[in-house]
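# with the input below, show me the fold.
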Amino acid sequence: VYGSILLGLQDYRPTSVLDVVGAIVRALTILLIFFLDGSILWLVFQELFFEVGRNIFLGILLSRRYNVSGFSRNLVQLSHLRKVFGYGGWSISYVLSTMLIYQGTRILVGVFVSVAAIAYFQVAYMLYNVVNSVSNYLQSAVLPASSSAIVDDDHEFIQKLLIKGTRSSLCVLLPLALSIVMLAEPILTNWISPEYGKEAAFLSQILVSAWFFQAWVMTAVEIYRGQGDIRRISILVMFGALCQIALAVVLMQEFGVIGAAISTIVYYTVITPLQMKIVSGKIGFDTFRFVTHSVLPIYAMVAIMAITLYAGFHYFGEPVNALLTILSFMTIFIVMTVVLFTTVAREEGRMILGKLLSACRSWSGSKPASGYCRQGKQGEEKRMDFIYKFSHHPGGQELEARVSAAAARLAEKLSAMDVNSLDISDYNKRYFSTLRNEMSSALHKLTYILLWALQDKDMPLEKQVMMEYGGGPGLQSLLAREMGIGTVLYTDIYLSLIHI
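This is a model prediction of the structure:
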């Protein structure tokens, strides 16, 4: 609970540091067991004491930094309990259903194949879990960010989170899965035991290949979970898990432990598009356009790299020892990730690089540049696009371009405005300052409204009339004037705003 609250507050540093410390302590304990001929119970007690210490640390941190107490009487209020058992109950059902796919299948392998086959399945699943662990870390910030955006009614941020989050995740998860599939046999032979051989490697390749079917929907599902209603997803996953278990029973009687892996592939092949359909209905975006414009180009590039890698292994052969295996794995993974971020996902690559450089500049004391324009090739200036992507809206490309260009010009003018020099109240100064910090989100909403307002209008813009009643800061009116609408009527109860 303490860790989840920190994630909900989007404070990731404490849990991340503790995860690193836990990994180091675990590794040191294993080394002590090896060199001192110790007992496996040492590792059990190390995990126990570390988890107790971790929870105590997070509890103290929450109580001091955020004034959160785990013993507040407010926690037992009926309304709070309903929320916990409502959302929390379906969330637990979702997690348990995903666990059932592995744990239930492992039990069935022992029942229908043999107890020894469990070891093969568990080793194969270990490689699958490498990708799963990376995916969990990549998606850890998506759920709280989505929840925060829905509270602020920031639809533009959710759209951006879906597109950029999915593409960024695919640029990491697909190369990782492909590297493991290509090097499964050398990894198992050189790093675990030669006894497993090709059978366990083939089993690993089937299980890890499931990520090629499920990776593109992971961000969307986390965004959906952050919206506060995961009942439909939970029911779908529960039903799918039961069907997967039934299919595994049937296939294992014919194909042995390989049948268990095949049932997993079938499960993700069927469940993924159904999950995306539920998410698209909740969030409201064009799934077909999202897949064709954002997802398929990355998969196509990965397919080209997979063919190239296969030809390279066929010509040069696989690595023959543990050192060459790990070097080959890291090289393939890093090169493929860099290629994706510099070709089909250049915008996401620049975004990530910009975040890293901004963090470095912040650490060194310098401030990153800001503004609503960026430099393109050969130094030309490119304006930000202020139109919602993957949303349903009227009007052709010409109208969209005209509205977006007007929004970009307005953003530049407002960002250059000296708010403190205006003859308005301090409240309105603070209001305008806050608004400028959220300019992109605000203008995305206003362009969306304006596009719908201008639909099916044959009259020229110069002859049209728009009225904004209770306009507040008047951004809608300013955008309409910037676009060229002939007559704009603005009214508000505060005379100081009208004066502006």
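# C-alpha only now, for contacts and for neighbours.
OK.
# what's the burial count for the closest residue to residue 120 other than its chain neighbours?
Nearest residue to residue 120, sequence neighbours excluded (Cα to Cα, 6 or more residues apart in numbering): residue 200, at 5.6 Å. Applying other Cα atoms under 10 Å, we find 25 residues neighbouring residue 200.
# can you name the element that comes right after the helix or strand where residue 200 lies?
Secondary structure assigned from DSSP states H and E places residue 200 in helix 197-209. As assigned by DSSP H and E, the chain's next helix or strand after helix 197-209 is helix 211-214.
# what packs against that next one?
The contact analysis (3 or more Cα pairs under 8 Å, 6 or more residues apart in numbering; DSSP states H and E) places helix 211-214 against helix 155-182, helix 257-283.
# coming back round to it: residue 92 versus the residue nearest to residue 120, what's the distance?
According to Cα to Cα, to the nearest Å, residue 200 and residue 92 sit 32 Å apart.
# now do residue 248
Residue 248 is 24 Å from residue 92, where distance means Cα to Cα.
# so for these two, which residue has more residues nearby?
The residue with more neighbours, out of residue 248 and residue 92, is residue 248; 28 against 13, by other Cα under 10 Å.
# tell me if I'm right that the more buried one and residue 267 touch.
No. If you go by Cα atoms under 8 Å, residue 248 and residue 267 don't touch, sitting 10.0 Å apart.
# what helix or strand does the residue sitting nearest the centre point of the chain sit in?
By Cα atoms, centre = their mean, the mean C-alpha position of the chain lies nearest to residue 219, the distance being 3.8 Å. Assigned by DSSP H and E, residue 219 belongs to helix 218-225.
# just checking, what packs against that helix?
For helix 218-225, the elements it packs on are helix 115-139, helix 142-151, helix 155-182, helix 257-283, judged by 3+ Cα pairs under 8 Å, 6+ apart.
# ok and that helix relative to helix 115-139, angle-wise?
For helix 218-225 against helix 115-139, the angle by axes from the mean of the first three to the mean of the last three Cα atoms, to 10 degrees is 70 degrees.
# which positions within the very next helix or strand once past helix 218-225 qualify as buried?
On the C-terminal side of helix 218-225, the nearest following helix or strand under DSSP H and E is helix 231-255. Buried residues in helix 231-255, counting neighbours by 16 or more other Cα atoms under 10 Å, are found at 231, 233-234, 236-238, 240-242, 244-245, 247-252.
# helix 231-255 packs against which elements?
Counting by 3+ Cα pairs under 8 Å, 6+ apart, helix 231-255 packs on helix 78-112, helix 257-283.
# just give the nearest non-adjacent residue to residue 277, would you?
Nearest non-adjacent residue to residue 277 (Cα to Cα, 6+ apart): residue 287, at 7.6 Å.
# please tell me how far the one you found sits from residue 164.
Relative to residue 164, residue 287 is positioned 15 Å away (Cα to Cα).
# before we move on, what about residue 268?
The gap separating residue 268 from residue 164 is 22 Å, by Cα to Cα.
# now swap in residue 431 and tell me
Per Cα to Cα, residue 431 is found 30 Å from residue 164.
# quick one: which of these two has more around it?
Applying other Cα under 10 Å to residue 431 and residue 164 shows that residue 164 carries more neighbours, namely 19 against 14.
# wait, the more buried one sits on residue 349?
No. Applying Cα under 8 Å, one finds residue 164 not in contact with residue 349, separated by 9.9 Å.
# in terms of helices and strands, where is residue 25?
Counting by DSSP H and E, residue 25 is part of helix 13-35.
# let's see the helix or strand containing residue 430 as PDB, backbone CA atoms only.
Element membership for residue 430, per DSSP H and E: helix 426-437. C-alpha atoms of helix 426-437 as PDB (Å, rounded to 0.1, in the frame of the first residue of the first chain):
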ATOM      1  CA  ASP A 426      -3.500  39.700  -8.700                       C
ATOM      2  CA  TYR A 427      -5.900  36.800  -8.900                       C
ATOM      3  CA  ASN A 428      -6.200  37.200 -12.700                       C
ATOM      4  CA  LYS A 429      -2.400  37.500 -12.900                       C
ATOM      5  CA  ARG A 430      -2.000  34.200 -11.200                       C
ATOM      6  CA  TYR A 431      -4.800  32.700 -13.300                       C
ATOM      7  CA  PHE A 432      -3.100  33.800 -16.600                       C
ATOM      8  CA  SER A 433       0.200  32.500 -15.400                       C
ATOM      9  CA  THR A 434      -1.200  29.100 -14.600                       C
ATOM     10  CA  LEU A 435      -3.000  29.100 -17.900                       C
ATOM     11  CA  ARG A 436       0.200  29.800 -19.800                       C
ATOM     12  CA  ASN A 437       1.900  26.900 -18.200                       C
END
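# nice, that's everything, thank you.
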